[in-house]
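Visitor: My questions concern the predicted model and sequence given below.
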Amino acid sequence: FSVAGKGNYMIRFLIKGMLQDRTRSLFPFTVVAVGVSLVIVLVGFLDGVIMGMLDSTAYLDTGHLRLVNKPFYDEEHLNPMDRALGSQKVTGNWLKKNSDSKIEWSPRIRWRAIMDVPDEKGETRSQTPVMGMALDLLSKDSIELQRLNLAESLTEGRLPKNRGEVLVGYRLAHTLELALNKPVTLIGRSFDGGLATDNYLVVGFVRFGIFAMDKKMLLIDLADAQETFYLQNMVTDWLGYLPPYVSFLDYDQYRRRLESSLKGLINIHPPGWAKDDIPVVVSIQDQRNIRSHTEMFLVVRQYIIGAFLFLMVVVLWNAGILNGVHRYGEMGVRLAMGETHSRLILSLISESMVIGIIGSIVGCILGGACTYTLQEIGLNMGDAFAKSGLMLSDVVRARLSIGGFVRGIVPGITASVLGTLISALS
């Protein structure tokens, strides 16, 4: 036989051996497939939890990026309406022209007030402090309704169609026994420090999916808030939103880019700004203690991948030793026929790589199917998260991504090869 003929014969011999002798391939294949599928599911679930937290926080509170007046940001816990940022149109046009084209900017007003609920005679029946967000709900080209998914989040009533209408968290509405199409009065603090009061018509109850907001949150149109709190052409926040494919690890990069060009806007100093107004840019990770949660998430994800890699290596190492005992006679024959130790080890590694690749593919199919199911259906964990203090949706969904497959495939193939290599050398 020629060298090429011997090589082809040996390859056919190894393939037939793997197919006919299941003890050589079935157990390692099963270990790799199960390990890869579990890694994909767990990584996808963790990605879904952390991205769900980031998205919920961004859409309802912080944005992925946030342009805010520094005096307001420093005293945000007091909600100082007098430190809102003026020249709304000038600032908005500058942001659209000078920031990255991927960023969509939305003006918001954060406000707090006491909500007075009257009885049938117009007398006060109940009062409670509430927090609110004003955003563009009535413009035809506004995407805020879609961003917050308000149409599907309504539990009763309808979306605002006219000025002077308000959406209320459904838990708050239940607690105060609010009725649709009935007025409530908001009593708050105006821009100049005076008393601001206005009547609003309750038109809908909304399930935000976040316990704290369902208990205290109200939504009104931006123009209504500017009129009620005397904030003409002013907003408290400009929230920037990035596409879903942008990783949260890149948010700081976008923030630094915007910070470098923000000096131009500060130098312009629009006429509606106060003399000491200094806008700053913060990312979502700089707010609500998000950075510590994302760092913890990354550490946990690495530990999961490392743990499964270690366990698969140990299991496949022992499987390789048992397999060597089972194939003791075959190894002796191959060595007697002139095959070197290095060629023998190389063939065993080739077998393990093939098993690892096939097992990883099957694991990707199984893990991908489970992750996709969790992504579409989700898990209702509202009771577990109700008192967590985190801005997490009641329904937690996994997130299927290419990165999840990569983090499953690499440990699967690596563990298969390392397990065989260690057993062959031990």
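Guide: Perfect, thanks for sending it.
Visitor: List the residues that contact Trp111.
Guide: Contacts for Trp111 were tallied using Cβ atoms under 8 Å, 6 or more residues apart in numbering; they are 79, 81, 131-134, 188, 225, 229, 236. Using the backbone N, CA and C atoms, a C-beta is placed for each residue, glycine as well.
Visitor: What's the mean pLDDT across the helix or strand hosting it?
Guide: Counting by DSSP states H and E, the secondary-structure element that holds Trp111 is strand 104-118. For strand 104-118, the mean pLDDT works out to 95.
Visitor: In helices, which of the contacts of Trp111 fall?
Guide: Among the contacts of Trp111, the ones falling in helices (DSSP state H) are Ala225.
Visitor: wait, which of the contacts of Trp111 is closest to Val280?
Guide: For the contacts of Trp111, the residue nearest Val280 by Cβ to Cβ is Thr236; the value is 13.1 Å.
Visitor: which residues does that closest one contact?
Guide: Residues in contact with Thr236 (Cβ under 8 Å, 6+ apart) are 68-69, 72, 81, 84-85, 108-111.
Visitor: Go through the contacts of Trp111 and flag which are in strands.
Guide: Judged by DSSP state E, the contacts of Trp111 include 131-134, 188 as members of strands.
Visitor: Considering the contacts of Trp111, which possesses the most neighbours?
Guide: Among the contacts of Trp111, the one with the most neighbours (other Cβ atoms under 10 Å) is Ala225, at 27 neighbours.
Visitor: The closest residue in space to it that isn't next to it in sequence pairs with what?
Guide: Take Ala225 and drop its neighbours on the chain: the residue closest to it by Cβ to Cβ, 6 or more residues apart in numbering is Ala134, 3.3 Å away. Here Ala134 sits in beta bridges with Ile109, Ile220, going by DSSP bridges.
Visitor: The residue nearest to Arg125 when sequence neighbours are not counted - how many residues pack around it?
Guide: Excluding the flanking residues, the one nearest Arg125 by Cβ to Cβ, 6+ apart is Asp119, at 4.1 Å. Neighbouring residues of Asp119 were enumerated by other Cβ under 10 Å; the total is 9.
Visitor: And for Val395?
Guide: Neighbourhood size, Val395 [other Cβ under 10 Å]: 13.
Visitor: how about the closest residue in space to it that isn't next to it in sequence, what does it touch?
Guide: Among residues not flanking Val395 along the chain, Gly378 sits closest, at 4.2 Å (Cβ to Cβ, 6+ apart). Gly378 makes contacts with 395-398, as judged by Cβ under 8 Å, 6+ apart.
Visitor: Show me where the stretch 1-150 of the chain has its helices.
Guide: Ranges of helices within the stretch 1-150 of the chain are 3-20, 26-57, 70-74, 88-98, 144-147, 150-153, based on DSSP state H, counting those that start in this stretch.
Visitor: Return the set of buried residues in the fourth one.
Guide: For helix 88-98, burial by neighbour count (16 or more other Cβ atoms under 10 Å) applies to 88, 90-92, 94-95.
Visitor: Next, format these as JSON lines and append pLDDT.
Guide: As requested, these are arranged in JSON lines below (pLDDT from 0 to 100):
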{"residue": "Gln88", "pLDDT": "92"}
{"residue": "Val90", "pLDDT": "92"}
{"residue": "Thr91", "pLDDT": "92"}
{"residue": "Gly92", "pLDDT": "92"}
{"residue": "Trp94", "pLDDT": "92"}
{"residue": "Leu95", "pLDDT": "92"}
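Visitor: between the residues you listed, which is closest to Gly169?
Guide: Using Cβ to Cβ, Gln88 comes nearest to Gly169 of those, at 26.8 Å.
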